[in-house]
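S.K.: Need coordinates for the below:
(chains A and B)
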Amino acid sequence: MEVQDLCVTIDSNKILKNVSISFPKNKITCVVGPSGCGKSTLLKCLNRLIDNTLGAKLSGRVMVDGQDLLKARDSELIDLRRRIGLVPQRPCPLPMSIFDNVAYGCRIHGMHRGKSELADVVETYLREVGLWDEVEYRLKEPATRLSGGQQQRLCLARSLAVEPDFILADEATSALDPISSKIVEDLFVKLKEKYSIIMVTHTLRQALRIADYAVFLYLGKVIESGDAKEVFRNPQNELTKNYLSGAFS
Amino acid sequence: MDRNKSKYVTEKVMKVLMLMAVFLVFSFLASIIWTIFVKGIGSISWEMVSKVPGKDWNVSNDGGFLNAIVGSLAVVLPSAILAACVSIPVVFYMNLYLRRGHKLSYAARLAYDILYGIPSIVYGAFAFTVMVIVGMRASVLGGIVVTTLLMIPMMIRSGDEISKSVPDEMVDAAYSLGATKWETLKVVFRQVLPGMVTAALLALGKAIGDAAGVMFTAGFSDSLPSSLSDPTATLPLAIFNWVTMPDPFPDRAYAAALVLTVIVLILSLAGRWVTRRFTKNNL
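M.R.: Numbers count the residues shown, from 1 in each chain, chains lettered A, B, ... in the order given. Below is the predicted model:
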């Protein structure tokens, strides 16, 4: 996935200014930056959820396997969004059972139509996120009965079940307690073998722990990007240095 | 220290004022229900709810007001269904298909706010004028039309408020899985269903007790309606008639008020049961 010259204006406020990033495959890319720098807007452009924001104007390109996401028609968008999973900031299960939450995406895309096949898929992805043992006997229960950390893993399983290539995570651990946060974080590290993960995070320590590639955004511009170790340990730009040293956040 | 004391006094005074307001509301409700039940139970009989008025009921007081019970239900139940059929798509269109802050949803909200504020007698007069123009008699159908118009803004207003409470994350979660707007709507519908049912019941409760709207449009009849084009009695209008007659019938009025209250109570309880039963998965 590659972002080229992306500019986003919302009600004449320039949120993103000529952002260009190439997200490496099967790596964790962490987008860091102070509040209001455009991190979440960038993420919303990557699956076109920005479409739901009134007054948003976009220019530039978001290329996914040679196809420009920003130019995709509604019919193409359905499949493109399926390929780009999202883990939201606050865990948000759909108003249905644990089983149906994971099966929902498969059902709307007509994947795994057989009952037992669908049950296998649900089990596979619940195992993948380490939730199976905890919910095996309560699959028919409402997803809302799960704890915050479990709900977030369920959201991840729900995204994985439609077989995406990318996972977008918008401060996915910020609403969780430290233990749940660690579980989700470890999960991302495990999942990068199969998926390319793009993560927006406010927690620098988290980015230091898990990022392979880092992007530092400031006032809608990419200030520095590259190998995470290089960006975090040996920043070239003064703004990055200040941010990392906690001069602003 | 003095400053803290005055803060403490303010806190206590405000709490007492709020409690008084709560008790005031409770006492209103309790006194209305008490009056209706005590006087209604004293007056009601099986004959009253199972028979239409006798030939000379105003002399011999025989027969009941089954015509008004059936009439009210015949007018209000189809109206509720029709109003829901119009209101639900409007609510979803404003909240899901139009982006937040869109000019059209602003205009629509303004329109239904104005409609909400129009008194039911104006709806009745408007519908009556239209009925005169098209040559339609006061009938069940006329009552249904005006009651539907009355209920639509109530349902849209409550439905709109309920839909605003759906978390954006839920909508985004469905979209991000590749769901279309229609598929997302089905997910959101599960979430708002209990609220929508409550909204419909509140609107129904208001509409079934409204006399002004049906006064010109549904007419009045001592017999049961056999078709949509027959005029029909309704409970609120029957109560109004019995109380305002030169020689009033307060017993009948209280009995009819009791029936009306019980119908609204049954509908509310049924609605709550249905929503609890079908929405165990909601956030």
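S.K.: any idea of the mean pLDDT in the helix or strand hosting B:A84?
M.R.: Using DSSP states H and E, B:A84 falls within helix B:66-92. Averaging pLDDT along helix B:66-92 yields 92.
S.K.: Which positions within it qualify as buried?
M.R.: B:66-72, B:74-76, B:78-80, B:82-84, B:87-88, B:90-92 (16 or more other C-beta atoms under 10 Å in any protein chain shown). In this view, the C-beta of every residue, glycine as well, is placed from N, C-alpha and C.
S.K.: and if you look at stretch B:92-112?
M.R.: Under 16+ other C-beta under 10 Å, the buried positions of stretch B:92-112 are B:92, B:94-96, B:98, B:105, B:108, B:112.
S.K.: Do a quick rundown of the strands in chain A.
M.R.: With strands called from DSSP state E, chain A shows them at A:2-10, A:13-22, A:28-32, A:56-64, A:67-68, A:84-87, A:166-170, A:196-200, A:213-218, A:221-227.
S.K.: For B:M151, which of those is the nearest?
M.R.: Proximity to B:M151 (C-beta to C-beta) singles out strand A:56-64 among the strands of chain A, at 36.7 Å.
S.K.: hang on, the earlier thing: switch the strands of chain A over to a markdown table; also include distance to chain B, mean neighbour count and mean pLDDT.
M.R.: What follows is the strands of chain A, written out as a markdown table (distance: least, C-beta to the nearest C-beta, whole Å; neighbours: other C-beta atoms under 10 Å in any protein chain shown; pLDDT from 0 to 100):
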| stretch | distance to chain B | mean neighbour count | mean pLDDT |
| --- | --- | --- | --- |
| strand A:2-10 | 11 | 17 | 91 |
| strand A:13-22 | 15 | 18 | 91 |
| strand A:28-32 | 17 | 27 | 93 |
| strand A:56-64 | 9 | 17 | 91 |
| strand A:67-68 | 15 | 12 | 89 |
| strand A:84-87 | 4 | 27 | 90 |
| strand A:166-170 | 8 | 24 | 91 |
| strand A:196-200 | 13 | 24 | 93 |
| strand A:213-218 | 21 | 24 | 92 |
| strand A:221-227 | 24 | 18 | 91 |
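S.K.: want to throw those into TSV with distance to B:S176?
M.R.: Listed next are the strands of chain A as TSV, based on distance: least, C-beta to C-beta, whole Å:
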stretch	distance to B:S176
strand A:2-10	18
strand A:13-22	20
strand A:28-32	17
strand A:56-64	14
strand A:67-68	18
strand A:84-87	4
strand A:166-170	8
strand A:196-200	13
strand A:213-218	21
strand A:221-227	24
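S.K.: right, and the ones you listed - which one's nearest B:I266?
M.R.: Comparing those by C-beta to C-beta, strand A:84-87 comes nearest, at 44.7 Å.
S.K.: Show me what the closest one packs onto, helices and strands only.
M.R.: Strand A:84-87 sits against helix A:148-160, strand A:166-170, helix B:168-176, with contacts defined as 3 or more C-beta pairs under 8 Å, 6 or more residues apart in numbering or on different chains; DSSP states H and E.
S.K.: Not counting its neighbours along the chain, what's nearest residue 222?
M.R.: Since you didn't name a chain, this refers to chain A. A:V19 (5.5 Å; C-beta to C-beta, 6 or more residues apart in numbering or on different chains).
S.K.: wrong chain, I was asking about chain B
M.R.: Take B:D222 and drop its neighbours on the chain: the residue closest to it by C-beta to C-beta, 6+ apart is B:P53, 4.7 Å away.
S.K.: Surely that neighbour and B:N61 touch.
M.R.: No: counting by C-beta atoms under 8 Å, B:P53 does not reach B:N61; the two are 9.3 Å apart.
S.K.: how about the residues of the stretch 1-150 of chain B near chain A?
M.R.: Counting by C-beta under 8 Å from any C-beta of the partner chain, the stretch 1-150 of chain B comes close to chain A at B:99-102.
S.K.: ok, so of the residues you listed, who is nearest B:P194?
M.R.: Lowest distance from B:P194 to the residues of the stretch 1-150 of chain B next to chain A (C-beta to C-beta) belongs to B:R100, with 23.0 Å.
S.K.: State the distance from the closest one to A:G60.
M.R.: 24 Å (C-beta to C-beta, to the nearest Å).
S.K.: A:M96 now?
M.R.: Distance, A:M96 to A:G60, using C-beta to C-beta: 37 Å.
S.K.: so what pLDDT did A:P95 get?
M.R.: pLDDT recorded at A:P95 is 90.
S.K.: Same question for B:A174.
M.R.: Per the predicted model, pLDDT is 92 at B:A174.
S.K.: Could you do A:S147 as well?
M.R.: For A:S147, the predicted pLDDT is 89.
S.K.: Now do the contacts for it.
M.R.: Shown in contact with A:S147 (C-beta atoms under 8 Å, 6 or more residues apart in numbering or on different chains): A:S180.
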